[in-house]
Every structure is written in C-alpha cells, then in structure tokens.
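Undergrad: Sequence and predicted structure, then a few things I'm wondering about:
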There are 2 protein chains.
Amino acid sequence: MARLAGVSRATVSYVLNNTSAVRISEPTRRRVHEAAQELGYVPHAAARSLRAGHSRIVLMPAPAIPVGPLYSRFLGELQAALGRLDYTVVQYGSVGLRGDEAARAWAELRPVAVLVPGGDIGPRGVAVLQRAGARAVVTLGPERVDGAHALLTDHSAVGHSAGAHLYARGRRRIGVVVPEEPGLEVFSEPRLAGVRRALHGTDATATVLPLAYTEQAAAELAAGWRGLSLDAVFAYNDEYAMLLMRALQDEGVRVPEDVAVVGADDLMLGRLLRPRLSTVRIELPSGRDLAELVDRAVRDPGAEPEVREVLGASLVHRASS
Amino acid sequence: MARLAGVSRATVSYVLNNTSAVRISEPTRRRVHEAAQELGYVPHAAARSLRAGHSRIVLMPAPAIPVGPLYSRFLGELQAALGRLDYTVVQYGSVGLRGDEAARAWAELRPVAVLVPGGDIGPRGVAVLQRAGARAVVTLGPERVDGAHALLTDHSAVGHSAGAHLYARGRRRIGVVVPEEPGLEVFSEPRLAGVRRALHGTDATATVLPLAYTEQAAAELAAGWRGLSLDAVFAYNDEYAMLLMRALQDEGVRVPEDVAVVGADDLMLGRLLRPRLSTVRIELPSGRDLAELVDRAVRDPGAEPEVREVLGASLVHRASS
DNA sequence: TTGAAAGCGTTACCAC
DNA sequence: GTGGTAACGCTTTCAA
C-alpha cells in the first residue's frame, strides 16, 4: 500500500473513509488523495471484510436458464435499489453445484445477504449461510424454507386465472401445455395444478400436453389435435402459445373458433399474433420493495422471518379466447 | 475456527486442502473433518485471497439490458467452462457506475480476470484493474482497448450479410430499422454501417428508420410506409422484424412482394411468422474457447494481448425476402 | 492531529 | 508428522 505518501496507514484509512470521529488536517487530506490518485490505489475488499467481519455483498445465484424480460427488469430494479442502499449485488455462477454444496460455495464469500430461488436451497443450506455470517437469507419460490425470509410466488394463481377464464368463456375440455425442457417444472407444475383447481368440481377437464420447444414437436401435437377433441388450451406461456398456435393454424384448426388459446407473461409478441393472444399478466414485486426488505432484515437479523405473497396474476383478454 | 478440534490451524488447512506436501495421520484427518462438519465450517474466501494475493474470481458486469437466449446460452457455457477450470464467475451488479468508477469498484474484489463489454471500460480502467492484480482483462466489443485482450464483435458483418442478401435479391431501396431504446446503439450503429458498406458503390440506398419497440410506433411507421417507397427492410433483429412486419401486414403491405424483410438472431419466433422470416444467424464464440483464453492469459500475464475476431454472421434465407 | 499496534482467517515456512 | 509463527491489507483502539 501507498503509505509512502508520507503518512501512516491509519491516516489513509481515515481520509478515504471520511471517518468523522477524527479530524485530519486539510493539507494531509490532500496529500493522501493525491497519492491515492497517482498510485491508482483501490481498497482491498477482502481485507476490509476480513477485518470488519462482514461484507456488503448481496449474493444471488446466476440464473441457469434464459430469463425473460419480466425477470430481467426485476433484477435490474433490485440491483439499482440495493446499490442505492450501498450494497453490492453479485450473481454467483454456480454451474454444477446443487443444494448444500452450492450453499457452502456461496458462504465462502461471506455475503451479508443471500437472495435465492426456493428450490435451490434447503434448511441446512440456510443454516450454513447464517453460520457464515449472512444476516438475511431470502428465498423466492413456491414454499418457505425454515429460517429464511420468503417471497412466495404461487404460480398456481397463473394457471387458475387461465383456467377460470376459459371455463367462463364456455370451454370445457381444456389442454394444458407442459414444457419438456428441464428446469421449468418449478413453474409448469404449479400452473397445471392451478388450472386443475379452477376446474375442480365442474364438468370441465384438464388434459396434460407435454411439448418440447421445437417446431416439430408442435407440428406433431397439432397433427393429432382433432383426436384430442379439446376446445381450449393454456399454453404455459406466450412463447409456447405462439409455437402451438402457429402449428394449429397450419393444421387448419381455427383460433378461437375451434380452440381458445391463452398464454402467460404478457409479452409483446402476444399482441403481434393474429388473433391477438389472451394472456395472464404476471406481476413481480418491485425491486425497491425487495431491497427494503433485505435492508430491514440485515439491520435486524434477530427478527422473525418475513413471509410474503408476491406474485400477482391477472388475465388479459384478447381475441384468442 | 475449528482449532478447537484439538489440532493447530495449520493442520486444519493441510487436511482441508489435501496438501500433498505433508502427511497427516488418518485419525487426525478424521477428527478435523468431523469438527468441520459439526461446526458447519466454511473457508473464508476473503482471508484466503488476502493471504494468496489473488482470488479465483472472474468478474463480469451484470448486463443492464435484458439479454436474449443467444447470449444467455453463451454465458451459461462460459460459466460452466470456467467452473471446470476452478474459477468462480461473478456478475457484478454495477448499476449506476460508469467508466473508471466502475473499474475501481470491480478492482476492490481483486478479481484474477475481468471480462467486460468493450464500451464499459477504457484504457485507464484496464490499468486500474491490472494494478489491482487482475491478470487478464478481456473486452468483448467492437474495438480493442489498450492493454486488454480483445474479442472483437464486428456487428457490421450482420448488417453486411443482410444488405448483400437484399441487394442480391434485386432490392434497391432498403430501409434499416434503428431501435430508439437506449443502450442498443452499440449494436445498431455497426449493423447500419454494415448495410451501408454492402450497398456502397451500387445504385441501392439505405434509409434509416428509427423505431421504438411499441405497437404504436410500428403502426405509425407503417402508416407512412408507401410514402417511403422502400422495397426492403433490415429490421435490426427478429423481434423488431416481427413488430414491423405485423404493422406492415395490418396496413396491407405485402411481404415479400411489396417489401422484403430480414431480421437477425435466428430466434424461434422468426420461423413461426408467416411468411417465415429471413434472418442473420449470429455465432458467438464457444464458452469453452473463451474460458481457455482466459485461463491462458491468467497463467501467462506477460503475454501480448490476444486480439480475435469472434462474431460469425450468416444469412438464413426464408420466405420473407 | 497523528502514529503504533492488534487482529480478522488463511496458508507457507520452519522448528519441533 | 505435527505445530507455532508470520504475513497478506485493512480498520480501530489506544497512546503520544
């Protein structure tokens, strides 16, 4: 380090951190700043957090699957909001790691808070992180995890919206697309369950339609469509809806006359389809709210874990249903 | 620390790191492992890198704008490949930070390597990082930055492919969509330049068409379309192409008879449009290659910066042109 | 107002 | 084979 600026290391620390407890003479301040500038001095985060016993890092695992514009926006907002509160958001690329192994890897960084999709961590992982000094662990997912704060995202509400809407429109034989791509079960299973719930106790039925995200798979599904005698389909999301709708139209199946189609996520592309795609709009919590929750939890680590329902689902009715 | 396992800290270190230089008795090993297990011991990355003088962190700024499936896949591959080489990939959420300020923030983590979009850093930033111990700084962008390795992504090749194709198909008055969304200039400007280059010295012309990603903006552009008397358009990418194509078709403009349309990125949605969308397929470097480049640079920091052209562009001809 | 020194968790290096 | 010790860069307490 550059204490060769003529003063002691302590003085440097005081000046650069603007410590108010001690007063440093103006000339000294200037000398320190000049020296730092000249040497390109940058404080060493590791040394600092070693000494302090904690970091200002909020850690999130980097998403393994491509994320849509919805989640991207949420992530950006969250980063901005946490940045304003003087935290550093870090997405940890945890490729092959799973479960407690991942939690241990994250714990090595001694983050002050961890924000993690629910399925990626269990109670033991939470405990590991807390013992490693994490003052807040927040999960984002369908169910709470012991010891952690929880933002509950009940994706069955999405399926429920779609199912109830289709039923109200007079549809009774409802197909539900379930993506075959791995990693999407977390969303697709609750969405399917939500449709089932909406139809429970009625004369309508839900039929599972596994579908890979390829033209060919969609064409095959469409080829056998009439045999299924369905009058509606909830297509998991807008992208699968577009895929299926195109295949159906190519097959001569009319939308919405022969089959009503509903997607989810309210993407731009749904508005560009003909007929325009009905969809379920999903609302994530605002990044700012979440940042405040994290900050509160960090300041008061003893408090009871907060559990909050955060996912809003509302149907946007357009021409396809 | 678990020296309360009855042994010295050094012994713990040996056992947990499987140091081969010294032999530890089996009973001692067991005791250490048991204690670590019981205490939920996790090594402290900060302390380790403080001692070692460097970390195994490869830092990338987290993307500020939503990224498409193409870049997501690349990122995933890269993380996996670097993970296999025992690096930790960290995406740093650098919200408001820009230029040298961002570089300093990154430098605080003392990453062993930094991988950064070219526009986000200059030669001074590179120097800051290197002085802070980064053994490799790799930029990904249109031009190289002094002192850093460079993966050159020449997006003008994308525009050139599209322009040359449209010209070869007999089109002479070619519109080029330029998104109005901020942050996309890095891509849109070279793509436009590429079209111009393809048409240079011919009788064909390129017309700039600024376009916001909204239905209304597209409708307005389409409303005045005939006045522009264009016979082709390169729409920046597949999403803008879909937006514009829909607006044109709603306006009664026929594709490809009245106007040929070409997109870019070869997304699934292009194949689902009718007519199917011609597009420019873009190839990014494989994550594994890049990981190897990083690893090589880290092992031999003295070497000349590598400069490599990495972006492939090839036209996929479908029905829209 | 400034300087000296301790200590955070690790590991490399020497004595034992 | 094992254990003590020093040092990494920083902040903070205490003394000058």
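TA: Happy to help now that I have it. Here the structure is a predicted model, which is why all the values come from computation and not from measurement.

Undergrad: Tell me who's in contact with residue A:88.
TA: A:55-58, A:82, B:92-93, B:105 (C-beta atoms under 8 Å, 6 or more residues apart in numbering or on different chains). From N, CA and C alone the C-beta is placed, and that goes for glycine too.

Undergrad: same question, residue A:242
TA: Residues near residue A:242 by C-beta under 8 Å, 6+ apart: A:263, A:269-270, A:273, A:277, B:269, B:272.

Undergrad: Now neighbour count too, for those residues, in TSV please.
TA: Shown next, in TSV, are the contacts of residue A:242 (neighbours: other C-beta atoms under 10 Å in any protein chain shown):
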residue	neighbour count
A:263	31
A:269	23
A:270	25
A:273	25
A:277	27
B:269	23
B:272	23
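
Undergrad: now the helices: where do they sit in chain A?
TA: A:9-17, A:26-39, A:45-52, A:69-84, A:99-107, A:123-131, A:156-168, A:185-199, A:215-223, A:225-228, A:238-250, A:268-272, A:287-299 (DSSP state H).

Undergrad: Would you mind putting those into TSV with mean pLDDT and distance to DNA strand C alongside?
TA: Below are these laid out as TSV (pLDDT from 0 to 100; distance: least, C-beta to the nearest atom of the strand, whole Å):
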stretch	mean pLDDT	distance to DNA strand C
helix A:9-17	75	3
helix A:26-39	75	4
helix A:45-52	91	4
helix A:69-84	93	25
helix A:99-107	92	10
helix A:123-131	94	12
helix A:156-168	98	42
helix A:185-199	97	33
helix A:215-223	98	49
helix A:225-228	98	59
helix A:238-250	98	45
helix A:268-272	97	49
helix A:287-299	95	19
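
Undergrad: can I see the domain layout of chain A?
TA: As assigned by automatic domain parsing, chain A contains the domains A:2-43, A:51-153+A:284-311, A:156-283.

Undergrad: so what's the most centrally placed residue in chain A up against?
TA: Chain A has residue A:71 as the residue nearest its centroid, 5.6 Å off, counting by C-alpha atoms, centre = their mean. By C-beta under 8 Å, 6+ apart, residue A:71 lies in contact with A:63, A:284.

Undergrad: What's the separation between the nearest residue to residue A:229 once chain neighbours are set aside and chain B?
TA: Distances taken as C-beta to C-beta, 6 or more residues apart in numbering or on different chains put residue A:173 closest to residue A:229, at 6.2 Å, once the chain neighbours are dropped. As judged by C-beta to the nearest C-beta, to the nearest Å, residue A:173 and chain B stand 25 Å apart.

Undergrad: And for residue A:166?
TA: From residue A:166 over to chain B the distance is 23 Å, taken as C-beta to the nearest C-beta.

Undergrad: That residue: neighbour count?
TA: Look at residue A:166: counted by other C-beta atoms under 10 Å in any protein chain shown, it has 29 neighbours.

Undergrad: Would you mind listing what in the stretch 101-250 of chain A touches chain B?
TA: For the stretch 101-250 of chain A, the contact set with chain B under C-beta under 8 Å from any C-beta of the partner chain comprises A:104-105, A:107-110, A:127-128, A:131-132, A:213, A:215, A:239, A:242-243, A:246.

Undergrad: What sits closest to residue A:15 if chain neighbours are left out?
TA: Distances taken as C-beta to C-beta, 6+ apart place residue A:32 nearest to residue A:15, at 4.3 Å, with adjacent residues excluded.

Undergrad: do the same with residue A:306
TA: In this structure, residue A:306 finds its nearest non-sequential neighbour in residue A:149, 4.8 Å apart by C-beta to C-beta, 6+ apart.

Undergrad: Surely the one you found touches residue A:303?
TA: No. Contact between residue A:149 and residue A:303 fails when scored by C-beta atoms under 8 Å: they sit 9.1 Å apart.

Undergrad: if you count what's nearby, which of these two comes out ahead?
TA: Using other C-beta under 10 Å as the criterion, residue A:149 and residue A:303 rank with residue A:149 on top: 24 against 11.

Undergrad: Residues in a beta bridge with the more buried one, which ones?
TA: Under DSSP bridges, the beta-bridge partners of residue A:149 are residue A:138.

Undergrad: Identify the residues contacting it.
TA: With contact taken as C-beta under 8 Å, 6+ apart, residue A:149 is in contact with A:136-139, A:293, A:297, A:305-307.

Undergrad: roughly how far apart are residue A:152 and residue A:138?
TA: In this view, residue A:152 and residue A:138 are 11 Å apart by C-beta to C-beta, to the nearest Å.

Undergrad: Pick out whichever of these two has more residues nearby.
TA: Neighbours per residue (other C-beta under 10 Å) separate residue A:152 from residue A:138, with residue A:138 holding more: 24 against 16.

Undergrad: Check the gap between residue A:42 and DNA strand C for me.
TA: Computed as C-beta to the nearest atom of the strand, to the nearest Å, the residue A:42 to DNA strand C distance reads 18 Å.

Undergrad: Not counting its neighbours along the chain, what's nearest that residue?
TA: Spatially, and ignoring its direct neighbours in sequence, residue A:42 is nearest to residue B:107 (4.2 Å; C-beta to C-beta, 6+ apart).

Undergrad: got it, and residue A:46?
TA: Among residues not flanking residue A:46 along the chain, residue B:46 sits closest, at 3.8 Å (C-beta to C-beta, 6+ apart).

Undergrad: quick one: that neighbour and residue A:44 touch, right?
TA: No. With contacts counted by C-beta under 8 Å, residue B:46 stays clear of residue A:44, the gap being 9.1 Å.

Undergrad: Who has more neighbours out of the two?
TA: residue B:46 (24 against 19).

Undergrad: so who does that one touch?
TA: Residue B:46 sits next to A:45-47, A:49-50, A:55, A:109-110 when contact means C-beta under 8 Å, 6+ apart.

Undergrad: how much space is there between it and residue A:115?
TA: Separation of residue B:46 from residue A:115 (C-beta to C-beta): 20 Å.
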